[in-house]
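Undergrad: Need a 3D model of the following:
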Amino acid sequence: MLSDKIKTIISKYLSNQASNSELDELGLWLEESAHQKEFYYYVKTNYAINFNLQKFDSKNSKKQLLALIDKDKKVVRINKFRSIIKYAAAASILLVITLTVFFQREANTQLVEPAVVNSIEPGTDKATLTLEDGTQVTLEKGVSFQLQNASSDGEGIIYQTGEKNTKEVIYNYLTIPRGGQFFIKLSDGTQVWLNSESKLKYPINFKENETRKVELVYGEAYFDVSPSSAHNGTKFIVYNQSQEIEVLGTEFNIKAYRDETNIYTTLVEGKVSVNTPISNQILKPSQQTNFNLEANSMTISEVNVYNEVSWKDGVLSFRRKPLADIMKVLSRWYDVEIYFANDSIKKAGFNGVLGKDQNIEEILKTIKNFGVINDYDIEDKHIILK
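TA: Numbers count the residues shown, from 1 in each chain. Got it, this is the predicted structure:
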């Protein structure tokens with residue numbers, strides 16, 4: 001039987017709050033095969049998939065589990081998360097909890113699954129670069145490309161630093177399709193990770209001593225902004241639809257897709273000012289603004305930063321998300337259209353952490369095995385959930 005201490009560490013591990021020493025302890029404990037089985041059954045029973053937390057055995061167990069998960073909550077910088085991911089991989093602890101490993105086994109039997117054959121591939125590094133004269137260049141993994149002021153290795157594009165444009169600002173566009181992702185380093189040293197179905201407008205050089213400006217035309221992007229102290233105090237501003245974000249030097253995430261009515265801005269570290277026609281809000285780390293374009297309203301809430309930004313590190317982390325929201329994320333990454341034959345299943349709740357390199361049919365099979373859906377059909381790039 002698991003000790004209370006191990007249960008606590010597992011809970012903190014699954015909610016991305018475990019310290020390095022706790023990961024050490026969990027790694028040593030998991031070296032025994034008997035403990036691996038205990039770990040599997042405990043996670044399967046308590047953390048797999050739930051329908052808005054209605055699957056627990058009793059009200060008491062539900063209350064205790066929620067209290068355990070909420071216990072000792074604290075803000076963890078994204079750099080800490082990166083180190084934990086790296087350490088966990090080295091210690092053979094699966095930080096990316098693939099649904100296949102944990103949730104497709106039957107009691108007292110070993111996992112025996114036939115190989116999944118599916119033509120739907122996970123997304124990869126790819127983008128279209130549009131130059132100032134309208135020329136379009138396809139950037140993709142495994143293909144190098146060179147410009148006078150920039151170079152690409154197929155996974156990202158890096159602009160030369162140190163050059164200043166004192167006459168006019170020349171803009172390029174980087175467009176990420178569905179099923180794609182890409183990295184860009186701007187000429188001031190700012191780093192940007194772009195998610196699927198996103199578009200960034202940016203200057204190839206920034207004017208000296210003037211505010212540095214870029215525009216997230218649509219989609220999702222994670223910014224690690226070069227501090228103003230390195231640029232004679234100049235500010236950095238990100239424009240997006242009906243809002244602008246003023247930065248002094250920080251890390252944050254913006255989610256603003258064209259088919260969604262809400263814009264989410266999440267601060268990882270530092271300080272930003274989110275300015276809209278109706279409000280100006282200063283964010284603290286782990287805070288998120290939700291600007292509703294239809295209602296023309298804004299709210300601020302505390303969030304688990306890891307769940308909001310893990311996509312850039314190859315992980316999709318969902319905490320109490322309805323199936324409809326999860327499928328929207330998957331449809332962009334796998335470049336598929338997903339339909340619901342029954343609207344009632346759209347609100348089914350889900351907790352899980354998925355690797356972005358997983359086969360989508362593995363995910364769908366697991367959701368089906370847990371009764372969230374009765375079945376699914378895949379035809380070309382179309383998926384129907386029943």
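Undergrad: and Tyr173, how many neighbours?
TA: The tally of other residues near Tyr173 (other C-beta atoms under 10 Å) stands at 18. No exception for glycine: its C-beta is placed from N, CA and C like everyone else's.
Undergrad: Doesn't it lie inside a strand?
TA: Yes. Assessed by DSSP: H, G, I helix; E, B strand; the rest coil, Tyr173 belongs to a strand.
Undergrad: Show me the beta-bridge partners of it.
TA: For Tyr173, the beta-bridge partners are Thr130, Lys201 (DSSP bridges).
Undergrad: isn't it right next to Ser198, touching?
TA: No. The pair Tyr173 and Ser198 fails to qualify as a contact (C-beta atoms under 8 Å) at a distance of 11.0 Å.
Undergrad: Thr261 and Asn359: what is the separation?
TA: The gap separating Thr261 from Asn359 is 32 Å, by C-beta to C-beta, to the nearest Å.
Undergrad: what does Phe370 give?
TA: 17 Å.
Undergrad: same check, this time on Thr138
TA: For Thr138 relative to Asn359 (C-beta to C-beta), the value is 26 Å.
Undergrad: With Ile176 instead?
TA: 22 Å.
Undergrad: Could you do Leu30 as well?
TA: 25 Å.
Undergrad: now swap in Tyr218 and tell me
TA: Counting by C-beta to C-beta, the gap from Tyr218 to Asn359 is 28 Å.
Undergrad: Sheet partners, orientation included, of the longest strand along the chain?
TA: Under DSSP state E, the strand in the chain containing the largest number of residues is strand 212-224. Strand 212-224 sits in its sheet next to strand 191-194 (antiparallel), strand 198-203 (antiparallel), strand 236-240 (parallel), strand 251-256 (antiparallel), going by DSSP bridges.
Undergrad: gap between it and the chain center?
TA: With C-alpha atoms, centre = their mean, to the nearest Å as the basis, strand 212-224 stands 15 Å off its chain's centre.
Undergrad: Show me where the chain has its helices.
TA: All helices of the chain, identified by DSSP state H, fall at 4-14, 20-29, 33-47, 59-70, 78-90, 99-103, 305-309, 323-334, 360-369.
Undergrad: Can you add mean pLDDT, distance to Lys37 and mean neighbour count and give the strands paired with strand 212-224 back as JSON lines?
TA: Output for those, formatted as JSON lines (pLDDT from 0 to 100; distance: least, C-beta to C-beta, whole Å; neighbours: other C-beta atoms under 10 Å):
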{"stretch": "strand 191-194", "mean pLDDT": "97", "distance to Lys37": "37", "mean neighbour count": "21"}
{"stretch": "strand 198-203", "mean pLDDT": "97", "distance to Lys37": "42", "mean neighbour count": "22"}
{"stretch": "strand 236-240", "mean pLDDT": "95", "distance to Lys37": "48", "mean neighbour count": "21"}
{"stretch": "strand 251-256", "mean pLDDT": "96", "distance to Lys37": "37", "mean neighbour count": "23"}
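Undergrad: okay, these in CSV with distance to Tyr334 next?
TA: Shown next, in CSV, are those (distance: least, C-beta to C-beta, whole Å):
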stretch, distance to Tyr334
strand 191-194, 17
strand 198-203, 16
strand 236-240, 25
strand 251-256, 18
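Undergrad: Which of the ones you listed sits closest to Gln288?
TA: Proximity to Gln288 (C-beta to C-beta) singles out strand 251-256 among the strands paired with strand 212-224, at 8.6 Å.
Undergrad: any low-confidence regions in the chain?
TA: Counting by pLDDT under 70, the chain contains low-confidence residues at 11-12, 14-18, 40, 43-118, 162-166.
Undergrad: Domain ranges for it, per the record?
TA: Per automatic domain parsing, the domain ranges recorded for the chain read 1-120+307-386, 124-303.
Undergrad: With respect to burial, which of the ones you listed scores highest?
TA: domain 124-303 (a mean of 18; mean count of other C-beta atoms under 10 Å).
Undergrad: nearest spatial neighbour of the residue most central in space within the chain, skipping sequence neighbours?
TA: Central residue of the chain (C-alpha atoms, centre = their mean): Trp311, 2.4 Å from the mean position. The shortest distance from Trp311 to any non-neighbouring residue, by C-beta to C-beta, 6 or more residues apart in numbering, is to Asn195 (5.8 Å).
Undergrad: residue contacts, that neighbour?
TA: Ile176, Gln181, Gly219, Glu220, Ala221, Trp311, Lys312, Arg332 (C-beta atoms under 8 Å, 6 or more residues apart in numbering).
Undergrad: And the strands in the stretch 101-250 of the chain?
TA: 124-130, 136-140, 145-146, 150-152, 156-159, 171-176, 180-185, 191-194, 198-203, 212-224, 236-240, 243-247 (DSSP state E, counting those that start in this stretch).
Undergrad: wait, which of these is closest to Lys321?
TA: For Lys321, the closest of the strands of the stretch 101-250 of the chain is strand 212-224, at 15.4 Å, according to C-beta to C-beta.
Undergrad: Next one: the closest residue to Arg320 other than its chain neighbours relative to Ala324, how far apart?
TA: Distances taken as C-beta to C-beta, 6+ apart place Gly349 nearest to Arg320, at 5.6 Å, with adjacent residues excluded. Distance of Gly349 to Ala324, computed by C-beta to C-beta: 11 Å.
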